[in-house]
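Novice: below is the sequence, then the predicted model.
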Amino acid sequence: MSALVVRQTSCGEVTVAEAARRAKVSEQSVGNWKRAFLEAGNTGLAAGESGPSTRRCALQGTPRARLFIVTAPMNGWAVDPCLGAPFEARPLGDATLVRSTASPPAPRGVVLHLHGYNDYFFQDHLARAVEAAGFAFFAVDLRRCGRSLREGDVPHYMTDLLDQAGDLSRAARAVRTAHPGLPLVLHAHSTGGLLAALWAHAHRNHGTIDALVLNSPFLDLRSSWLNRTVGTRILDVVGPWSPLAVVGSGPSVYATHQLAANGGRWEFDTHLKRPEGVPIRAGWLRAVRRGQARVARGLEIGVPVLVAHSDSSGSDVETNPHLDAQDTVLDVAQIARLAPRLGADVSTAVIDGGVHDLVLSADGPRAAYLDGTVAWLDRALGGRA
């Protein structure tokens, strides 16, 4: 079985608090690792020991904390360091693939989840919902995101969506290999939704997926006409020369409000989804704007597409009385306007009172989104699932 080691050669066992501090991850994540390790009946492995079944943990900063994960020697799956059992994770090139071992033994299909910007997979209730509907569940954290952060990485940075598209292709192939012949549904949020739409268009003749669900996809920039036009032209000049230049920064009131420690509903690792925000770099935004321009020209996604979003947008400020019932990141009118350009078979779902990530909404809107998505999949996949 997979396991974790939190032991140093020279200093004895590292406490959870110290391991979390040095690794720059939450105590909850380290606690999940340690609990899974001990429940498996394992003992410590001194730092520096190695063997065919060991690898250095890939999470941000962990080499400095001298943490190791012992992986299953045959397939590389290990107890997920962020969520613990029943989730497992393994490296997938520069990305990380996550699976739920609580999925049905004979699933009728598979759902692969793709996160957004300043985000990673932590929404275990999404997995439970699709599993209850008979689907197996996987998620991918793209390169430089979430579980895939390496020491020295600029979080979420890329200058070409094709880099991350390669991660998505590898994830889809891995899922297809694990569940051959089953319908594959890609569920993608925000910036992941933009990437997923472009990727599905590029692979429209390859039979890569059978349905696409876009949860508040980032199809256009929520900004003034001047910023969306003149600003984009400036990015085309500055981006190639100063791709790491910060063109936007600031805290995410939305993420801060969602965090359980601040009175919100959700537990997540604040080093992987940061309430203080992740600075927006010129190279990243240029790549996004180029992708959005392609969407504006129209795509030809060859599978059924569901585009879901909140019924309204609002300001991402503490004084917004509807902070927990609006999309405070994107303009839902832009999403509604651009959705028909994705392909010939596009359905839309407007979720009253939904937040930006509809899966993180209050109970009512969240249930409406999850139940509606499952019902749509029943129709879209027909007798295939």
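Specialist: That came through, no problem.
Novice: any idea how far the most centrally placed residue in the chain lies from residue 191?
Specialist: Centroid-nearest residue in the chain, with C-alpha atoms, centre = their mean: residue 115, separated by 1.9 Å. Here residue 115 is placed at a distance of 8 Å from residue 191 (C-beta to C-beta, to the nearest Å). Every C-beta, even on glycine, is put in place using the N, C-alpha and C of the backbone.
Novice: same deal with residue 82?
Specialist: 20 Å.
Novice: picking up where we left off before, I figured the residue nearest to the centre of the chain hits residue 142, correct?
Specialist: Yes. Contact criterion C-beta atoms under 8 Å: residue 115 and residue 142 qualify, at 7.4 Å.
Novice: name the residues contacting each of those two.
Specialist: residue 192 (C-beta atoms under 8 Å, 6 or more residues apart in numbering).
Novice: what's stretch 215-225 in contact with?
Specialist: With contacts defined as C-beta under 8 Å, 6+ apart, stretch 215-225 is touched by 116-117, 187-191, 193-194, 196-197, 227-228, 231-232, 288-289, 292, 295-296, 307-310, 313, 327, 329-332, 334-335, 338-339, 354, 356-359, 369.
Novice: make a ChimeraX selection of the buried ones in these.
Specialist: Those of the contacts of stretch 215-225 that count as buried under 16 or more other C-beta atoms under 10 Å are selected in ChimeraX with:
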select :116,117,187,188,189,190,191,193,194,196,197,231,232,288,289,292,295,307,308,309,310,313,327,329,330,331,332,334,335,338,339,354,356,357,358,359,369
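Novice: and the contacts of stretch 215-225, which of them are in strands?
Specialist: Mapping the contacts of stretch 215-225 onto strands (DSSP state E) picks out 187-189, 307-310.
Novice: mind putting those residues in JSON lines, pLDDT and distance to residue 153 included?
Specialist: JSON lines is the format used below for the ones in strands among the contacts of stretch 215-225 (pLDDT from 0 to 100; distance: C-beta to C-beta, whole Å):
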{"residue": "187", "pLDDT": "99", "distance to residue 153": "25"}
{"residue": "188", "pLDDT": "99", "distance to residue 153": "22"}
{"residue": "189", "pLDDT": "99", "distance to residue 153": "21"}
{"residue": "307", "pLDDT": "99", "distance to residue 153": "31"}
{"residue": "308", "pLDDT": "99", "distance to residue 153": "31"}
{"residue": "309", "pLDDT": "99", "distance to residue 153": "30"}
{"residue": "310", "pLDDT": "99", "distance to residue 153": "31"}
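Novice: now distance to residue 171 too, for those residues, in a markdown table please.
Specialist: Formatted as a markdown table, those follow (distance: C-beta to C-beta, whole Å):
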| residue | distance to residue 171 |
| --- | --- |
| 187 | 12 |
| 188 | 11 |
| 189 | 15 |
| 307 | 21 |
| 308 | 21 |
| 309 | 24 |
| 310 | 27 |
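Novice: and the residues you listed, which is closest to residue 130?
Specialist: Residue 130 lies nearest to residue 187 out of the ones in strands among the contacts of stretch 215-225, by C-beta to C-beta, at 8.0 Å.
Novice: just the element for residue 214, please.
Specialist: Using DSSP states H and E, residue 214 sits in strand 211-215.
Novice: so in that sheet, which strands flank that strand, and in what orientation?
Specialist: The strands that strand 211-215 pairs with in its sheet are strand 184-189 (parallel), strand 305-310 (parallel) (by DSSP bridges).
Novice: so which of the ones you listed comes closest to residue 251?
Specialist: So among the strands paired with strand 211-215, strand 184-189 is nearest, using C-beta to C-beta, at 20.0 Å.
Novice: just the element for residue 272, please.
Specialist: Using DSSP H and E, residue 272 falls outside every helix and strand.
Novice: need the three-state assignment for the closest residue to residue 243 other than its chain neighbours.
Specialist: Closest residue in space to residue 243, ignoring its immediate chain neighbours: residue 283 at 2.8 Å, by C-beta to C-beta, 6 or more residues apart in numbering. Here residue 283 is recorded as helix under DSSP: H, G, I helix; E, B strand; the rest coil.
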